[in-house]
Each structure stands twice: as structure tokens, then as C-alpha cells.
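[1] Next input, structure requested:
(chains A, B, C and D)
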Protein chains: 2
Amino acid sequence: MFNTNKEDLNETQIKIMEAAMAEFLEKGFSGARMQNIADNAGMNKALLHYYYRNKESLFKQVFRDVLIDMFSMLTDIIETEIDFESKLNKLVKSYMNYLIEHRQFPLFLLNEIYRNPEIVDQVLRESDVSETWDKFYNELCQSQKNGDVIELNPAHIIVTIVSLVVFPVAASNVITRFADISQSEYYEFLQERIDIIPEFLIKALLKK
Amino acid sequence: MFNTNKEDLNETQIKIMEAAMAEFLEKGFSGARMQNIADNAGMNKALLHYYYRNKESLFKQVFRDVLIDMFSMLTDIIETEIDFESKLNKLVKSYMNYLIEHRQFPLFLLNEIYRNPEIVDQVLRESDVSETWDKFYNELCQSQKNGDVIELNPAHIIVTIVSLVVFPVAASNVITRFADISQSEYYEFLQERIDIIPEFLIKALLKK
DNA sequence: TTTAATTTTGACCAATTAGTTAAATCAAAA
DNA sequence: TTTTGATTTAACTAATTGGTCAAAATTAAA
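    Numbers count the residues shown, from 1 in each chain, chains lettered A, B, ... in the order given. Predicted coordinates for the structure are as follows:
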């Protein structure tokens, strides 16, 4: 998929990547400051530019890493050969769990892809994300032909699934503020959803 | 709700607000440039500061306007007295239509509230957004008591509805890139969803 | 041990950017 | 017409920020 081997990064590079990821996730590309990254990595700013030509290349690397991380587990599940209902159930549960542990990822991706399409396009093209989705798409079509899944443009079904899984995490800050609840209360709420959503989807999408 | 009367803005202020909104929606707070705003408003940068103390106050005004716009129509519909199914149907359809015409709004709000909670908090508190949601929440509870709506924590129902309505718009750039389709193809797709989603929700949430 | 290459640093630079100031212009009132 | 206050501008400032460079420190090789 990508030719980034985390193994052949030295200690300095790892510290840079950790600090850079924290900074970019929190502030986004335009809000992030190279000086902050250097400080939090415990080093001189010039050393950042020694390892990464400029802010953009450092950002690209972070973006790559986030994208890989977000889709590798997804790919693993989609590749396994089980019936559609089980796969849907496992996919949704695993992914919701994953997103709850990486709450910053969805909004980061949504945002940077919106604001920086050029930077991001090439990274996206290098990945095999779309192939993975193709496989799921085809299995969905097959399940529809088998009469297991309701008749509805499969693209709509996929967007429905993704919406229900991703949005509550991407919008967690907005929701906690609007509903005036604490982060931990909302965390509990999301935990509940891990059981509710697969059930909801299976009821709504599968013919019984 | 807010005491901003668009009527008592002079021509200059209107030009500023239009240019500022375009800039902030496209680039976000940290990516936006006062110079760009001045240029696109066809004026000197100092004039910006004559009307708005600083970038932050200008941004707040834009944020306010977006928030008001996004929730005023919502409020109108929620306030009308019709049965729950009709209200849900109308709410979802109107709002999806609205969002398709204002695609930049959802991601803008998600993002700025995440990155700038302080700036945004006071604007949020001034609004009566939460009251509006309370009314909908109560009507939902009532419909559950009447046996019209399935038993499920109403908060989960509301988040489910909002996810399905908002996410496909907020993520439109990501989805068009991942699915490798054009903006206009996705626009068609969203138009289809305006009929699909209310139907889907009513089937999933209402007892028949 | 000496030499060469790599890694790290402090000090600096150039460009950008938000914000200021004082003067000029304009409109309305006296 | 003159004066007064509001509006607009050009030129400027101070601070921030991404990026550079030459030298120092460290590590690896000879």
C-alpha cells in the first residue's frame, strides 16, 4: 500500500512524527506551528527541516499515517470471508471502537481533504482504499441479489452506514456543547451506540 | 435570539461580511487572511479594522450569522404543530435541501467549534438552539409514550437523524474523492437521498 | 587515534500577517 | 460656506512564522 516502514525511523524521527501528529490533529495544517512541533518533540526547529524539507512534507507524512491507520483495520475485516450480516456487524463495531479511540481522526481527514485537495490527492491515489470499498460494494450487491439485503442503490446504503458510524465521533465536540454534557458522558453515549447501531442497521437493511 | 439586524448594516459592512464569510468558510479561521477579505470586499485593510476590531471579532460575526441561518429554519419547522411523522419528514427534507445549498456550513461549524471552543461558546450560549432541540426532544418522548415511535433513548434517535442528514454533506469532498465521482454526480446522489432518508427513518423509527 | 560523515544546534533571514496611525475625503449640519 | 463628525486610504509597524546556514557536537569509519 504505502512504502512507509515505521521500523526504519530513528528515535528523532519518531519524536518528530508524534509531536507533528498531535499538533496537526489539534490545529489543522494552517493552524499548526513548526515551532510548537519542535518544542514538543524536544528539539531545535532546524532539525525538523533536516528530516522533513518543509511543513508541507511533514504534514503529508502525518496525513499518510492517519490514512493508513484508519483504513488498514477496515481492509482486514472486509477481506475476511464471512457472511454479509456478520461482516457488517463486525465492521461497524470494530470501527466505532477504533474511532472512539481516535476521535480526532475523522474531523482531521474531513477538514484537510476539503481545504487541501491538492496535497491530499496524491496520497489518496497511492492508497488502495478504493479497492477495499469496491470489494465491500460488490459483496453488498451480491447480498442484494441473494435477497438478503433490501433493494436500494448500494451507494446509498454505504453512505448511510458510514454516516452513522463516523458522524457522532466527528461531531462529538459540537454535540457535547449543544447538548451541554461532559466529554465522559458523551463517551458513555458512544459506547452505547456500539451495540445500538449494528442492530439498527441490520434491522433496517436486511430482509428477515 | 441574536440582536444582529442585517438591516442596519451599511453597504461597506455588507461587502465586508460577504467577503469575510466566503474567506472563513473556505479557509477556516486560521487559514483566512484579512488581506484577502479586504481585497475581495474591494477595500483597504484598515477599513476592516475600522468596522471590526480584529480578525476574531469579524470571525465571531460570521460564525454568528452562519449559526443563525442554520437554525432559524429548523426552529420554524420544529415550532409548527403537526404530528410527529409529518414533522420528521418535513424537517429532514427541508434541512437536507438547505444543507445542499449551503454545503460549506456543516464542516465549517464542526471544525471551528472543535478548534475554537472559547470563541464559539459565548455565541452558542446567546442562541436558543438548545431550547429548540428540547422541544423536539419532548415531542419525541411523547410519541414514544403514545407508542408511535420505537423504544430507544431519544438522544440516540436524534443523533441518528442528524448523522444521516448532515454527514453526507459535511463529507461531500471526501466522498467524491474516495468514490472518484464528480461534484455534480454527487449532487444528484444527494438529491436522491432527500427522498430516501425520510422514508428510511420513518420505516426504522415508527411502529406501524 | 584520526578522519569523515552524520546529526544537532544557535543565530539569523525573508516573507507574511494582523493591526496602527495620521492624513485625506466625504457628508451633513450650522 | 464653514465646521464637525464619520468614513476611507496609503504607508507603516511589530510580531509571527517558515525556513536557512555555518558551526558545533556526535557518531561511524579508516
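[2] quick one: the helices in chain A?
    Per DSSP state H, chain A has helices spanning A:11-31, A:34-41, A:45-51, A:55-79, A:84-101, A:104-115, A:117-126, A:129-145, A:154-170, A:172-178, A:183-205. These are given in chain order.
[3] Provide the contact partners of the last one at residue level.
    I take that to be helix A:183-205. A:85, A:88-89, A:92-93, A:96-97, A:100, A:149-150, A:157, A:160-161, A:164-165, A:168-169, A:172, A:175-176, A:179, A:181, B:152-153, B:155-156, B:159-160, B:200, B:203-204 (C-beta atoms under 8 Å, 6 or more residues apart in numbering or on different chains). C-beta coordinates here come from the backbone N, C-alpha and C atoms, glycine included.
[4] quick one on the thing from earlier: hey, least reliable of the helices of chain A by pLDDT?
    The minimum mean pLDDT among the helices of chain A belongs to helix A:117-126 (a mean of 77).
[5] which other residues reach that one?
    Here helix A:117-126 has contacts from A:1-2, A:29, A:56, A:59-60, A:63-64, A:67, A:112-113, B:173, B:177-178, using C-beta under 8 Å, 6+ apart.
[6] Go through the helices of chain A and name the closest to residue B:33.
    Residue B:33 lies closest to helix A:11-31 among the helices of chain A, at 10.0 Å (C-beta to C-beta).
[7] Show me what that closest one is packed up against.
    helix A:34-41, helix A:45-51, helix A:55-79, helix A:104-115, helix B:11-31, helix B:104-115 (3 or more C-beta pairs under 8 Å, 6 or more residues apart in numbering or on different chains; DSSP states H and E).
[8] Tell me if it is near DNA strand C.
    Yes: part of helix A:11-31 sits near DNA strand C under the criterion C-beta under 7 Å from any atom of the strand, namely residue A:12.
[9] Give the buried residues for that helix.
    A:15-17, A:19-25, A:28-31 (16 or more other C-beta atoms under 10 Å in any protein chain shown).
[10] Would you mind pulling the contact partners of that helix?
    With C-beta under 8 Å, 6+ apart as the test, helix A:11-31 has contacts from A:9, A:32-33, A:36-43, A:47-48, A:51-52, A:55, A:58-59, A:61-63, A:65-66, A:104-105, A:108, A:111-112, A:115-116, A:119, B:27-31, B:111, B:115.
[11] Just the buried residues of those.
    Here, 16+ other C-beta under 10 Å leaves A:32, A:36-38, A:41, A:43, A:48, A:51-52, A:55, A:58-59, A:61-63, A:65-66, A:104-105, A:108, A:111-112, A:115-116, A:119, B:28-31, B:111, B:115 buried among these.
[12] ok, residue A:84 - contacts?
    Contact analysis of residue A:84 by C-beta under 8 Å, 6+ apart lists A:139, A:140, A:142, A:143, A:148, A:149.
[13] Output the residues you listed in CSV; the columns should cover distance to residue A:193.
    Output for the contacts of residue A:84, formatted as CSV (distance: C-beta to C-beta, whole Å):
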residue, distance to residue A:193
A:139, 24
A:140, 22
A:142, 28
A:143, 24
A:148, 24
A:149, 22
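[14] Determine which residue lies closest to the centroid of chain A.
    residue A:70 (4.0 Å; C-alpha atoms, centre = their mean).
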